[in-house]
Every structure is written in C-alpha cells, then in structure tokens.
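Participant: Okay, predicted coordinates and the sequence, questions at the end:
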Amino acid sequence: MAIDLTNKKFLIIDDFSDMRSMLKHMILSYGAKDIDTAANGKDAVKLLTKHQYDIVLCDYNLGEGMDGQQVLEEAKFKNLLRFSTAFIMVTAENTMEMVMGAVEYQPDEYLSKPFNKDALKSRLEKILQKKSDFEDIERAVQKGKFSEAIDICDKQIATQPKNLTEFLKLKAHLCIKVGKYNDAADIYEKVLADRSTPWAKLGLGQVRFYNGDFLEARDIFRELVEENENHLEAYDWLAKTMVELEDYDEAEKAYLAAVEKSPKAIQRQMALGDLALKTEKYNVAEKAFKKAVILGRDSVYKKASNYTKQAKAMSKSGSGNDALKILKNMRKEFSDDEGATLQASISECMIYKDMNKEEEAQQAYEEATKLFETAGSKVAPDVTLEMAKACLVAGEKDKGLEIIKDVVKNHHEDQALLVEAQSTFDAVGMESEGKTLISNTRDEIVKLNNKGVKLAEDGNLEEAISYFEKAVKEMPENKTINLNTAKVLLMYMSQHGKNDRYLYQVRQHLERVHKADSTNSSYQQLWGVYEKMSKKKSA
Amino acid sequence: MNIGEELDFSSILASTIHDMKNSLGIVLNSLEDLHMEINNSMSSEKISKLQYEAKRVNNNLIQLLTLYKMENTGLKVNISDYSVSDFLEDCMLQEKPILDSRNIDVTLDCAPDIWWYFDRNLMQGVVGNAINNAIRYTKGKLRISAEKNDGYLVIRINDNGEGFPESMLDGNAKKGHGVSFTSGHTGLGLYFSHLVVNQHKNKDKKGCIELVNGGELGGGNFTVYLP
C-alpha cells in the first residue's frame, strides 16, 4: 500500500525560523498542504493538544525551555499522539543519540541534518509504512492488551516478513511484560547465537533478572557496558541488579556512570537519588535531586517528591535552613496541589525535629494532620508512610501504627512498599515491633483471603460474595481482594446468569486493579471473562 | 551559553556544529532551489560545483565531530538492524542533487530482503563520503551494490573513472595516510571511514575497507566489509 503524503497533517518544531520555513517548503513540494509550525516546546504542546498530527518533525535543540526529548515525553505522557503518528527527532549530530529517557519514550526515528528534499520524502514514506505495519500491535499495547499484541506479532512472524527481526524484538519485549520469560528467552538466545546483538543481550539480562537469577543478570549487564560504555539502559539494569544483590556501592557506581553520560535523564537522577538516600550518601542524593528538580521544571516529571527528597538530603547533611528554603520554593511551585502541600508540611516537621525546633515541628505536624485527614484515600502510599513516620516521631504512636497497618492491609503483596513500611519503623527505632506488625497484618490478610477463596471453592458463592464485599470495604486498594471479589461475582453469574448490579461491581473492582497495575495478568484474564459476560443475554 | 559560565570546549563544539549544520542545510537547500530556476548551463555548472563543495564541508564536519568524540567520550556506535536496500537508497538520495546536476547515471543493486546490523548514521557518513569522492573521479557512471558473502555484508561503490592512485590501493596505502595539502585531500574521510567500519564487530570478525580498482565499471571500487 503506497503512502500518500499529500493528505497528511504535519507539525514542524524548530527554534530557527529559517529551518522552519525550509522544512515547510520541502513538505509543500510533496503536495501536502496541512502544515503547522512551532518555535518552542510549549507552543508545540499546545498545538499537539489541539490537533492530531500524522507526522511531527521536531528538532532536538529548541533553545531555552524544553528540548525535543522533553516535548516527546510530554506528548506521550499526555497521550497527545495517535498510534499512527510518526514522531521524528531531528538532530545535528550524526551519531544516533543513545536512549536518554525511558525506552517507552523514544522517537520513531532520528534524522540527522542536513537532508535534502528527496531524502526526506523517502524517509517519511518509509516511516509511515512501518508505523502502519505496527499500528494494530501498538493499539493493543496502549490498551494494555499484551496477549492480543503477542498474537498479532505471531501472525506477522508466520508470514516471514522482511523485517522479521523487528517483530521478534517486539514480541520478546511483550513476553517479558506479561511474564512469559521462557518465550522471551527463546527469542533472545536464538538471535544471540548469530551475533552478540545489544538488544537481545539486554533482553536476556532482563529475563534473568525477573527469574531471580541476579548473578547471571549481573554478568550479562556488566558485559554489555564493557562492550559499549555508552549503553545507558545496561547501566540502569546493572544498578537494579546490584540493588537486589545488596551491593549498593556498585549500584551507585553504575547510576553515576550513566548519569555522567546522560545527565538530562530525569528518571535516572531520581533513581540515583533514592538509592543514595537509602544508603545515607546525602551528598550524592542532594546533587541528584537538585538536578531532578531543575530538569523537572519543563517536564512532565515535575514532582513534589523531588523537592522533599532534596530537602531531606540537605537536612541530613546539616543544612537545615537551606532545606527549608527548598520546601518554601516547592510550596510556591505547587501552590494548588494539596498532595504536595501535605508532603511539604510532613517534610518540614521532620526537618524542624532534626533541628530541635519543637514548636515549629509541632505546627507543621498539625498542618500535615489536617491535610491528611481531608485528603483521605487520595494520598499515595509512600506519602502515607511518611505521614505515619511523622506521627511516630511526634509521639502519636497509636495513630502512626494504625496508618502503617492500613497501608499494609491495602498492599500486602507489594514487596517494595512493605520494605518501605519496615524502614519507616527502622527509622524511629521500632524495628522489631514493626516486623511483628507487618508480618501479623500480612498473615491476617492472607488468612482472610484464603477463607474467602475456600468458600467459593466449596460452592458457597453467595457467602463468598458477601464475605469479599465486606473485606474489600476494609481494604479498598488491595489488588488480591479486589480481584477475588470480581472473580466470585463472575463465578456466581456464570451459574445464575448475569445481572447488572454485579456486572457494575466487577467492573469497579477490575478498574481499581488496572489503575494500580495495568500489566497485571490476573486482571487481564478476568477482564476477558467480564467482557464475555457483559455481552451475554440477561438472566 | 551565558557569560560567566565556564567555557567547556565540548559544549562550544556541540552548539557551533549545530549552527554550522543549520547554515549548511540552508545553503544546500537554496542551491537546490536555485538549480531548478536556472536554465543556462554555465550557471548550472557553477551551482553544481557549489553543491559539491558544500557537501564536502558538511562531510568534513561530520568526520571531525565523530573523531573528536572518539578521542574524548568514546564513539557511540549504535548498532541496530536495517534494510540495506532502504539504507543505500537513502545514501543515494542524499547525493541526488549533485548526481543529477552532473548527469551521473546511478545504479543501485541490492536485494530488498537483505537486513544487516550496523550503525546507520555513521555508515551513512562512510557511504556518503565514498559517493562524494566517486563523483569527483567518475566519468558519468556510478554503481552502488550490496550482497552477503561469507558472513559479511559487502558494500561496493564503483565508478567508471581512472581509479584510485597506486599509493592509495590496499597493499600500498597506510591507513592513517598523512596530510597532503597539494592534493586537497587530508585523508580525513578515509581515516574516518576506517575507524567507523572497524568499530563494527561480530564475535571474532571485524569490519574493514578495501580500495581496489576495477569492479563492474572498471574505475575505483570502494569496498566495505561489515561482519
């Protein structure tokens, strides 16, 4: 199917007006008529929000303000691009930019200038052709339907296309996403038998990581960075692996090496900062979060937590007053964000405590408490744990314990969060009490869940339903409980016929899980059942 | 850059190169447009010369920047797999304005199902450079071909000119061939090409370049082997 450029909508983003008009002229010469231009990232995002483009040509260097990568990140984050939209990054460098941000936020292609009109036309046609080849897969992926996407890949692979490797690469990536690690490994190993291809090696490393073979993973990632010291993703994975192996020094080294080569990748700065806070390397943490704050200004990654973490690092290094200044700035930057204000007051409370300023600490604590109560369930779990810590530090032990218990109840299988909960206890010298509370609460939930599951398995579906409905009210964020509630409702309906009220409930519970974890495979499976059920005739 | 900020050469280099590339892009583009407006052959020849030289400046810029990076930050060789016929078509299209203005007859000979692993941007520099050189020496014909052979991808840029001088033929040439201001060639292009191609490895095989005379068209035959 030949690609026709004449009916496509173009957006040109370049800070240099001569470049904008030159590109516009080139595109006009292809017969296209619908061409918008923007001179900076901000205007570009405005246009992208208003219109749907087929092709975006964006210069990486846009002068002051956002750069091309940040424009892309914002566009993807806010879903401003269609599956079929081609985002092309124009760079002055002839060496392809290595991945600077997350893999998900890469442009469709890098184009290096100067290029002439015929070369550009040919490239555009080829990129659009490729996009159209992958459109169905992209659509499925965007909707979180990974199994479907894999099926489409398989169908395409069966036709032995010219670009077979591209489909294999994508399939392997999707297999990892849904936990089919062996299938992914098969693909990677086959490719590697032929040559030591970086993407296949990285993929194999990821498979080892997810299978818990951390030593093997470590070796693979180490080899990768030896083979190419600019392979940024490999550093990220090496760092993650070293964290699992509890070699925090090596993890930090890996992040530092990557950050040196790609200082503008904000997420990496954040990961480095978090690690440094954990290992109490406050100077490193401060530097990383400071960078994250600066980079975040023009980016969708602007986060209140970067400010509070920077302040924490500064306070721990003894610069309490400077830390407070940072928080003051943060309050200004996030003036209409209650969640951010809550974080600010919690942080201030902790910092004043460290400075032995009891009165100010108490004031901040009271502000935090008020905000926390009004915010209710909207508060993210990690901020909730911070609130709990503030309570414990302020001497309100019962309240703090209650809050932490609640977090554990709602996330009893989230290992990372449980570790954070434990460290909250550790930080206030309640290590063993914390261990007991967490494991007891976990056991409680597991027992509770198992009891409900048994009811269902024994065929007492009505009892199971009311049992789980009660449980899910107590811990509305708990994925397992939500999934099982949905499951027993579906089981009931498969026996007694569908009813709208139950269908609605199932949907509520599944959507809650999906919001928290879009790749959850149980969710995928139950959603399929739900869709089938909703299409049936009513009882 | 702000006054007072430490002058860091690599950021000066990066922003200056960006500037120069923008200017060159406009020069080349304007020349293309101009060429279409001109009808008489004397002016056409002059424009063609301008295009050729501007392209050379651009190539030198690319090569300089790449070599600087190799020295300082290590070369970012980004190997991925591409359709070779698409790639060569691109290289050819980049040179199209000059090829057309000199009425050079170009054939592209590469099966559409050959996909290979290489750094597309860097190899575009290598092939582009070879084509530009061939343009200078060809007597009107150019043949670009690619095929798989013994575990290597073999790319050939062949012209029907007088061929490479004895001193440059493999067996005689030193790779880091010195500067010769009289011939106007600093050998930079060849040095750059060798470096880039050598960076392409697969297990125990390494990429290399061969300068021979002959080939299908009988002139210079710039040959690249990529493992």
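Facilitator: Arrived safely, thanks for sending.
Participant: Check the secondary structure at A:Asp426 for me.
Facilitator: helix (DSSP: H, G, I helix; E, B strand; the rest coil).
Participant: My read is that it contacts A:Gly434, right?
Facilitator: Yes. If you go by C-beta atoms under 8 Å, A:Asp426 and A:Gly434 touch, sitting 6.9 Å apart. Where you see a C-beta, it was placed from the backbone N, CA and C, and this is true even at glycine.
Participant: So which bits of chain A are right by chain B?
Facilitator: Selection of chain A residues close to chain B by C-beta under 8 Å from any C-beta of the partner chain yields A:16, A:18-19, A:22, A:26, A:61, A:92-96, A:98, A:110, A:112-119, A:122-123, A:126, A:162-166, A:195-199, A:228-230, A:261.
Participant: and the residues you listed, which are buried?
Facilitator: The neighbour count (16 or more other C-beta atoms under 10 Å in any protein chain shown) marks A:16, A:19, A:22, A:26, A:61, A:92-96, A:110, A:112-119, A:122-123, A:126, A:163, A:165-166, A:195-199, A:228-230, A:261 as buried among the residues of chain A next to chain B.
Participant: For chain A, what's its nearest residue on chain B.
Facilitator: B:Gly25 (3.3 Å; C-beta to the nearest C-beta).
Participant: doesn't that residue fall inside a helix?
Facilitator: Yes. Counting by three-state DSSP, B:Gly25 is found in a helix.
Participant: Please report the distance of the closest residue to it other than its chain neighbours from A:Asn450.
Facilitator: Nearest residue to B:Gly25 in three dimensions, chain neighbours excluded: A:Pro114, at 3.3 Å (C-beta to C-beta, 6 or more residues apart in numbering or on different chains). To A:Asn450, A:Pro114 is 67 Å away according to C-beta to C-beta, to the nearest Å.
Participant: Could you check the pLDDT of residue 131?
Facilitator: Here I'm looking at chain A. As predicted, A:Lys131 sits at a pLDDT of 89.
Participant: sorry, should have said chain B
Facilitator: Confidence at B:Ile131, expressed as pLDDT, is 93.
Participant: I figured it was touching B:Leu142, is that so?
Facilitator: Yes. Using C-beta under 8 Å, B:Ile131 is in contact with B:Leu142, at 7.2 Å.
Participant: which residues do these two both contact?
Facilitator: The contact sets of B:Ile131 and B:Leu142 overlap at B:Ile157 (C-beta atoms under 8 Å, 6 or more residues apart in numbering or on different chains).
Participant: A helix includes A:Leu57, no?
Facilitator: No. According to three-state DSSP, A:Leu57 belongs to no helix; its state is strand.
Participant: can you tell me which residues contact it?
Facilitator: A:Phe10, A:Leu11, A:Ile12, A:Ile13, A:Asp14, A:Leu23, A:Ile88, A:Val90, A:Leu111.
Participant: Parallel or antiparallel, list what pairs with the host helix or strand of the last one.
Facilitator: Spelled out, it's A:Leu111. Using DSSP states H and E, A:Leu111 sits within strand A:109-112. Using DSSP bridges, strand A:109-112 pairs in its sheet with strand A:86-91 (parallel).
Participant: Next, the angle strand A:55-59 makes with the partner strand.
Facilitator: With axes from the mean of the first three to the mean of the last three C-alpha atoms, to 10 degrees applied, the angle from strand A:86-91 to strand A:55-59 works out at 20 degrees.
Participant: okay, A:Asp426 and A:Gly434: which has more neighbours?
Facilitator: Set A:Asp426 next to A:Gly434 and count neighbours by other C-beta atoms under 10 Å in any protein chain shown: A:Gly434 wins out with 21 against 13.
Participant: ok, for that one, nearest residue in space, not its chain neighbours?
Facilitator: Nearest residue to A:Gly434, sequence neighbours excluded (C-beta to C-beta, 6+ apart): A:Phe425, at 2.5 Å.
Participant: mind listing what's buried in the helix or strand following the strand holding A:Leu111?
Facilitator: Downstream of strand A:109-112, the first helix or strand assigned by DSSP H and E is helix A:117-142. For helix A:117-142, a neighbour-count test (16+ other C-beta under 10 Å) marks A:117-124, A:126-128, A:130-131, A:133-134, A:136-141 as buried.
Participant: Stretch A:17-31 too?
Facilitator: A:Met19, A:Arg20, A:Met22, A:Leu23, A:Lys24, A:Met26, A:Ile27, A:Tyr30.
Participant: What distance do you get for the second one to chain B?
Facilitator: Distance of A:Arg20 to chain B, computed by C-beta to the nearest C-beta, to the nearest Å: 11 Å.
Participant: Quick check, that residue in contact with A:Ile12.
Facilitator: Yes. A:Arg20 lies in contact with A:Ile12 (C-beta under 8 Å); the separation is 5.5 Å.
Participant: Any chance you could list residues touching both of the two?
Facilitator: A:Thr37.
Participant: Apart from its chain neighbours, what residue comes closest to A:Glu360?
Facilitator: Closest residue to A:Glu360 apart from its sequence neighbours, by C-beta to C-beta, 6+ apart: A:Tyr352 at 4.3 Å.
Participant: For the one you found, list the residues it contacts.
Facilitator: A:Glu358, A:Glu360, A:Ala361, A:Ala364.
Participant: Which of those ranks first by neighbour count?
Facilitator: Ranking these using other C-beta under 10 Å puts A:Ala364 first, with 24 neighbours.
Participant: Retrieve the pLDDT associated with it.
Facilitator: pLDDT, read off for A:Ala364, is 94.
Participant: mind checking which helix or strand it is in?
Facilitator: A:Ala364 is part of helix A:358-375, with elements assigned from DSSP H and E.
Participant: Can you give me the neighbour number for residue 194?
Facilitator: Went with chain A since none was named. A:Asp194: 12 neighbours (other C-beta under 10 Å).
Participant: nope, chain B please
Facilitator: Residues near B:His194, counting by other C-beta under 10 Å, number 19.
Participant: So what's the residue count around the residue nearest to A:Val300 when sequence neighbours are not counted?
Facilitator: Nearest non-adjacent residue to A:Val300, counting by C-beta to C-beta, 6+ apart: A:Phe77, 4.3 Å away. A:Phe77: 13 surrounding residues under other C-beta under 10 Å.
Participant: Repeat that for A:Glu463.
Facilitator: 14.
Participant: now residue 208, nearest residue through space, not along the chain?
Facilitator: In the absence of a named chain, chain A is used. The shortest distance from A:Arg208 to any non-neighbouring residue, by C-beta to C-beta, 6+ apart, is to A:Ala217 (3.9 Å).
Participant: Not quite, go with chain B.
Facilitator: Leaving aside its chain neighbours, B:Cys208 sits nearest to B:Tyr225 (5.2 Å; criterion: C-beta to C-beta, 6+ apart).
Participant: ok so that neighbour is a strand residue?
Facilitator: Yes. Assignment of B:Tyr225 by three-state DSSP places it within a strand.
Participant: Near it, how many residues? Count them for me, please.
Facilitator: B:Tyr225 has 19 neighbours, counted by other C-beta under 10 Å.
Participant: contacting residues for it?
Facilitator: B:Tyr152, B:Leu153, B:Val154, B:Val197, B:Gly207, B:Cys208, B:Ile209, B:Glu210.
Participant: at 10 Å instead, please
Facilitator: By C-beta atoms under 10 Å, 6 or more residues apart in numbering or on different chains, the contact list for B:Tyr225 reads B:149-155, B:197, B:200, B:205-210.
Participant: same thing with A:Glu189?
Facilitator: A:Glu189 touches A:Ala200, A:Gly203, A:Leu204, A:Val207, counting by C-beta under 10 Å, 6+ apart.
Participant: Can you say which helix or strand has the third one in it?
Facilitator: When secondary structure is defined by DSSP H and E, A:Leu204 falls within helix A:198-210.
Participant: now, which of the buried residues of stretch A:17-31 sits nearest A:Thr374?
Facilitator: Taking C-beta to C-beta as the measure, A:Thr374 lies nearest A:Arg20 of the buried residues of stretch A:17-31, at 48.4 Å.
Participant: and the closest one, that one's in a helix?
Facilitator: Yes. Assessed by three-state DSSP, A:Arg20 belongs to a helix.
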